[in-house]
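Enquirer: 3D, please:
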Amino acid sequence: MRTTSAAVLAVVLLALLRGLPAAQPASPAPYSVLSREERRPLASRVINGQEMFALDDLARLFGLGVREDTIAGGLTVTVRGQSILLSPAQELVSVAGRLVSLPAPPAKEGNAWFVPVDFVSRALAPVAGVRIELRKASRLILSGDIRVPRIGGRVESQGPPLARLTLDVAPATAHSVTQDGNRLAIRFEADLLDVSLPATTAPDLIQNIRADGTAIIVDLGPRFASFRTSDLPGDRGATRIVVEVIGQTTEAPAAPAPAAPEAPPLLELAPSGGLRSVVIDAGHGGPEEGARGPDGINEKTVTMAVARRLKAALEARLGVRVILTRDGDNAVALDQRASVANNNKADLFISLHANASVRPSVAGAEVFYLSLDEYGEEALRAAAAPHERLPVIGGGSRDIEVVQWQFAQARHISQSAALARTVEAALRGRVAMSPRALQQAPFRVLVGANMPAVLVEMGFLTNPAQARQLASEQFQNDVVQALVDAIVQFRDGRTPRPAQPSGPGAMR
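Expert: Below is the predicted model:
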């Protein structure tokens, strides 16, 4: 009797369950169609186990024509005079006469036709006339000239004093790394970022990593002390950004000496090699246009563009402080340019220029360091002069370097020569060089610089072919990469052997 009752109950429950509506799968999240003008949603739905788009939605977004052949049961999609032929029973599609395969045939529900999402990349993109890229993982469709690099990352803890953030960026995208209080900002020259960011594994150094518009923000932890960055080449045009966050040591600081000066409000920790700050001088500016090319491009525009690129590259790769003598179209006196470097205690001074010649055929980059010939024996004595010892308040004395302005560079000539050789060698590997690629000249802009200093003539604007190069993004990036490489080599003491420089050039 008990068995019979259980059987009856099972039959009743089964009947009730059959009467309930079947559970409906959750609708997929919509895709986003991105262009420079707007961002539009594109809904999808799952049919026969395949995620699909409605052809009517694709027609509205991409300007397609859709015609159904009711007799043959096929579809013709037209775009820019090209035809895409589909059959409801076939996974093969004819795209402008070429067969491509889809993961499933088109499907019809009611009066609406649906196609697999891969239709966008495999059938539509080849004939659309503009770039169309389907990114399934991030549910994006990129349309037109829009820059949306993919960025994936990971965090590795290297023990208490170090955490390493690695970001793989595809395609390689210009970027800069700057510190703003208790966070780092990695800013990209892009319209949007397609990011997949890791969770932090070292909260004492890296508390959080998040995207904010076209920047990756790294919230720093309580033990942060400094950071350094480097860029490495990746696969198939990608780049790898490595940010190493360095923590404070656990050792107790030594008690300050009674006569020590008060500590500055901001602590500057020198990166590897002792290179802390670099001053980049964009030649000319304001009413001083400098050399001019046959197409109207002028020197002040070229030098400003390269200076900004170089600043971003140095900050991103080395984590150093970079100061521009001008950051706009304004005039700056020659001596004031060196003053900017001196007042900011720069470790290097690099002045950027573009050359000119009465002969249009002359071309090639040149690197200069200061010639002391016109200053005679007095300059040589200034270079070898010892520091003066002066008394300080509270007792004791300090070594003070007292140098006349016109002899400031004299103390650094040997280092400037080494820097010039390093820059010349790095440029030679990337751009065309002048027959006299390494020279000395009495350039006024270098005279007062109290640190290693060089002047770089990136090419001749009076040469029509080189003028077009100097205006191009690729050439400017090549110059910047060569200068970054040279600065790294100089910082690490890897400089070429001395060679006899050519004779003096013109005054600058």
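
Enquirer: What ranges does the stretch 1-150 of the chain have for its helices?
Expert: Using DSSP state H, counting those that start in this stretch, the helices of the stretch 1-150 of the chain run over 2-19, 55-62, 119.

Enquirer: Please list the residues outside the shortest one that contact it.
Expert: If I follow you right, that is helix 119. With contacts defined as CB atoms under 8 Å, 6 or more residues apart in numbering, helix 119 is touched by Phe53, Leu58, Val93, Leu102. Where you see a C-beta, it was placed from the backbone N, CA and C, and this is true even at glycine.

Enquirer: Mark which of the residues you listed are buried, thanks.
Expert: Those of those that meet the buried threshold are Phe53, Leu58, Val93, Leu102, by 16 or more other CB atoms under 10 Å.

Enquirer: Leu42 is in contact with the first one, correct?
Expert: Just to be clear, that refers to Phe53. Yes: in this structure, Phe53 is within contact of Leu42 by CB atoms under 8 Å, at 6.4 Å.

Enquirer: so what sits against both of the two?
Expert: Tyr31.

Enquirer: which stretches of the stretch 151-300 of the chain aren't confidently modelled?
Expert: 159-160, 249-273 (pLDDT under 70).

Enquirer: Repeat the analysis, applying 50 as the threshold.
Expert: Filtered on pLDDT under 50, the stretch 151-300 of the chain yields the residue ranges 251-272.

Enquirer: Which residue ranges of this structure form helices?
Expert: 2-19, 55-62, 119, 299-318, 334-343, 376-384, 413-428, 444-447, 464-471, 473-491 (DSSP state H).

Enquirer: Just name the most buried of these.
Expert: The highest mean neighbour count among these, using mean count of other CB atoms under 10 Å, belongs to helix 119: a mean of 26.

Enquirer: residue contacts, Gly49?
Expert: Going by CB under 8 Å, 6+ apart, Gly49 touches Ala104.

Enquirer: From Val148, how far off is it?
Expert: Look at Gly49 and Val148: by CB to CB, to the nearest Å, they are 29 Å apart.

Enquirer: Val195 too?
Expert: In terms of CB to CB, Val195 sits 10 Å off from Val148.

Enquirer: quick one: which of the helices of the stretch 1-150 of the chain has the weakest pLDDT on average?
Expert: Per-stretch mean pLDDT for the helices of the stretch 1-150 of the chain is lowest at helix 2-19 (a mean of 49).

Enquirer: who are the neighbours in contact with the closest residue to Glu288 other than its chain neighbours?
Expert: Spatially, and ignoring its direct neighbours in sequence, Glu288 is nearest to Ala331 (5.8 Å; CB to CB, 6 or more residues apart in numbering). Ala331 makes contacts with Gly285, Gly286, Pro287, Glu288, as judged by CB under 8 Å, 6+ apart.

Enquirer: And Gln90, by the same measure?
Expert: Pro105.

Enquirer: list the contacts for Asp478?
Expert: Arg430, Val431.

Enquirer: can you rerun that using 10 Å?
Expert: Leu427, Gly429, Arg430, Val431, Met458, Gln469, Ser472 (CB atoms under 10 Å, 6 or more residues apart in numbering).

Enquirer: Val79 too?
Expert: Applying CB under 10 Å, 6+ apart to Val79 gives the contacts Leu58, Ala59, Phe62, Gly63, Leu64, Gly65, Ala96, Ala123, Leu124, Val127, Ala128, Gly129.

Enquirer: and Pro222, how many neighbours does it have?
Expert: 11 (other CB atoms under 10 Å).

Enquirer: ok, it - contacts?
Expert: Pro222 neighbours (CB under 10 Å, 6+ apart): Asn182, Pro203, Asp204, Leu205, Gln207, Gly247, Gln248.

Enquirer: just the buried members of those?
Expert: Asp204, Leu205, Gln207, Gly247, Gln248.

Enquirer: The first one touches Arg223, doesn't it?
Expert: Yes: in this structure Asp204 lies within contact range of Arg223 using CB atoms under 10 Å: 4.3 Å.

Enquirer: Now distance to Val488 too, for the contacts of Pro222, in a markdown table please.
Expert: Converted to a markdown table, those look like this (distance: CB to CB, whole Å):
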| residue | distance to Val488 |
| --- | --- |
| Asn182 | 28 |
| Pro203 | 31 |
| Asp204 | 29 |
| Leu205 | 24 |
| Gln207 | 30 |
| Gly247 | 24 |
| Gln248 | 26 |
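
Enquirer: And those, which is closest to Pro28?
Expert: Closest approach to Pro28 among those (CB to CB): Gln207, at 33.4 Å.

Enquirer: how many neighbours does Phe188 have?
Expert: So Phe188, with other CB under 10 Å, has 22 neighbours.
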